[in-house]
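**Q** Dropping the sequence and predicted coords here.
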Amino acid sequence: MQQTLRQVCAELNVSRRAVQGYEKAGLVAPSGRNKYGHLLYGEPERERIRLIRFYQQLGFQRKEIKHILDAPDPIKKAALQAKVAKLEAEHTRLRELIQQAKEYIAAL
């Protein structure tokens, strides 16, 4: 089913500007236009936008996303594993920092 940009934005909870930015960066392209000239997006394009958002939430930059989006699975897997390792290290660092803050608060 084809959807307009407005419908896609509402369904995926993404801004119009974000999708337009993805288009400008070459990450996604509309599948066509309706009789009124509105851009249309099919399920493959919507899934691609979901994937872009997922990669962004993990902390990938647009250039990195562009590189791995259409890469073979082993490259995607390696990039995701590296990102998860980095996020886990950051998580550990933050937990330690929170613990130090709690100890400091308790000492006040």
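**A** All right, it came through fine. On a predicted model such as this, the values are computed, not experimentally measured, just so you know.

**Q** Spatially, which residue comes closest to Cys9, not counting chain neighbours?
**A** Arg16 (5.4 Å; C-beta to C-beta, 6 or more residues apart in numbering). The way it works is simple: take the backbone N, C-alpha and C, and place the C-beta from them, glycine included.

**Q** Now do the contacts for that neighbour.
**A** Arg16 sits next to Leu5, Arg6, Cys9 when contact means C-beta atoms under 8 Å, 6 or more residues apart in numbering.

**Q** Same check on Leu87?
**A** So Leu87 contacts Leu58, Gly59 (C-beta under 8 Å, 6+ apart).

**Q** What helix or strand is it located in?
**A** helix 73-107 (DSSP states H and E).

**Q** Quick check: buried residues in that helix?
**A** Lys76, Ala79, Lys83 (16 or more other C-beta atoms under 10 Å).

**Q** Show me where the protein dips below the pLDDT cut-off.
**A** Within the chain, no range satisfies pLDDT under 70.
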